[in-house]
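A.B. asks: A structural model of the following input is requested.
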Amino acid sequence: MFEDYRGIPREAMILIYAGILPALAYGMFYTDISYFLTIVQGLPDIFMGIVIMVMGITTVVASIPLGIAADRYGRRNVLIIGNVIASAMIAIFALTTNPAVLILGAVLEGLSEAAYSAASGAIMAEKAGDERRTAVFSLLGFTGGIAFGIGSFAIPLVVVFEGFGFSNREAHIILYLVLAALSLASTLLMLKVSESKALRKEGGIKGFLPRKSIKILIKYVTAGSIVAFGAGMFVPLMTRWLNLAYGVSDAISGPILGVSNILIGVATLAAPPLARRLGIVKSIVVTQAVSTVFMFTTPLSPGYLTASTVYTIRTFLMNMAGPLQSSMLMGLVSADERGAASGISAALWRLPNSLSTTIGAWLMSIGLLAMPFYLATVLYIISITLFWLFFRTTKMPEEKNARKSGN
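C.D. replies: The predicted structure follows:
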């Protein structure tokens, strides 16, 4: 299995290393934000849902322009700007309860997410090359998943800070500020990556749009947006859901979800050999389909440990497909349109995902705790079916090359 990870280009490895500290910070932030805004900061559930929705809507609005900008002005530059803003926004969320400032922070966080989504996959594919592209995305998923999980495990540090006399709210603020600083420090590694000018697109605005890749994009984002709508109903809200369903605090649910994220990282290591054996499309369909079964059964669990275990298995399987999907999109679209393609894909994933988060938060607030999972199950089945119909005959460039060489 590890043979796939030999010979990864140096700059691709630097990008992987540069993503570790931001993933650590966002592992804490995204795991805790629904609990932090409601229980620690005392804001209503609906406002919490609105904040998360604004992040998503801003990401949607900004992803396509920033994807075009990445293709035109440099993917590394957009990536660095996104990381700086994201790090600052973690600190902002910790330091205020002012609704207007939080909404502004949500807008800026959405911009940073759009910048990262538009630039990271494009520059990673550029630095990896076709033969190592899937391995690079899988290794990125591994390190990112482990770091994201460790970030979730960092939440109980609030108890340590409380031991030094800080209040629960002050302890949370300290944690957020420390991780924001660590995320910002990763910018130094990003600066070590060269900026390629060979793939920059020239011409007017029409020349920036991914016209060569539009058919692939339409199919890809159609299936992906349906999954995104389903996932938004529960994935960003799991600390709050576990609190409502079983009465557990984020100091308990955070590490539990951290295990889930660490297993995501481990799962991604199996992606390249799985893709080599079944093909990328079949691998995506199989892992997502089995994952959906566990998602459906999560709210049927009698206790939080059982629910967390079932949810972890669901997450393990679902996210094994993540690097395969990223590699697939970057392998099928034109090399000079990867930034725009990433931006469009991110926008049309994030829009339904953010809209459904408010729906999920509302359903949970009125006591329909199982309904988000059941609705998501139906949507996942539709998406997986469409994905298979769209791409069942698709062959990746590296798969075609392997056939030509007789491997």
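
A.B. asks: can you pull the contacts of residue 160?
C.D. replies: Neighbouring residues of residue 160 by Cβ atoms under 8 Å, 6 or more residues apart in numbering: residue 171. In this view, the C-beta of every residue, glycine as well, is placed from N, C-alpha and C.

A.B. asks: wait, I meant residue 47
C.D. replies: The contact partners of residue 47, taken as Cβ under 8 Å, 6+ apart, are 37, 99.

A.B. asks: Okay, buried residues for the helix or strand hosting it please.
C.D. replies: Assigning secondary structure by DSSP states H and E places residue 47 in helix 45-73. Judged by neighbour count using 16 or more other Cβ atoms under 10 Å, the buried positions of helix 45-73 are 45, 47-72.

A.B. asks: quick one: the helix or strand where residue 215 lies to chain centroid distance?
C.D. replies: When elements are defined using DSSP H and E, residue 215 is found to belong to helix 214-232. Relative to its chain's centre, helix 214-232 lies at 14 Å (Cα atoms, centre = their mean, to the nearest Å).

A.B. asks: quick one, that helix and helix 45-73 angle?
C.D. replies: For helix 214-232 against helix 45-73, the angle by axes from the mean of the first three to the mean of the last three Cα atoms, to 10 degrees is 160 degrees.

A.B. asks: Surely residue 144 is in contact with residue 19?
C.D. replies: Yes. When contacts are counted by Cβ atoms under 8 Å, residue 144 is listed as touching residue 19 (5.7 Å).

A.B. asks: From residue 347, how far off is residue 74?
C.D. replies: Distance of residue 74 to residue 347, computed by Cβ to Cβ, to the nearest Å: 20 Å.

A.B. asks: Comparing the two, which residue is more hemmed in?
C.D. replies: Looking at residue 74 and residue 347 with other Cβ atoms under 10 Å, you find the greater number of neighbours at residue 347, namely 25 against 19.

A.B. asks: The more buried one and residue 66 touch, don't they?
C.D. replies: No. With contact defined as Cβ under 8 Å, residue 347 and residue 66 do not form a contacting pair (9.5 Å).

A.B. asks: Find residues that contact each of these two.
C.D. replies: In the contact map built from Cβ under 8 Å, 6+ apart, the residues linked to both residue 347 and residue 66 are residue 114.

A.B. asks: still on that earlier bit, now the helix holding residue 215 - C-alpha only, CSV.
C.D. replies: Written as CSV, here are the backbone C-alpha positions of helix 214-232 (Å, rounded to 0.1, in the frame of the first residue of the first chain):
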residue,chain,number,x,y,z
ILE,A,214,-18.0,22.3,-18.4
LYS,A,215,-19.6,18.9,-19.1
ILE,A,216,-17.6,17.1,-16.5
LEU,A,217,-18.3,19.9,-14.0
ILE,A,218,-22.0,19.8,-14.5
LYS,A,219,-22.2,16.1,-13.8
TYR,A,220,-19.8,16.3,-10.8
VAL,A,221,-21.4,19.2,-9.0
THR,A,222,-24.9,17.9,-9.6
ALA,A,223,-24.2,14.7,-7.7
GLY,A,224,-22.0,16.5,-5.1
SER,A,225,-24.5,19.2,-4.3
ILE,A,226,-27.2,16.6,-3.3
VAL,A,227,-24.8,15.0,-0.8
ALA,A,228,-23.8,18.4,0.4
PHE,A,229,-27.4,19.3,1.2
GLY,A,230,-27.8,16.1,3.2
ALA,A,231,-24.5,16.5,5.1
GLY,A,232,-25.2,20.1,6.1
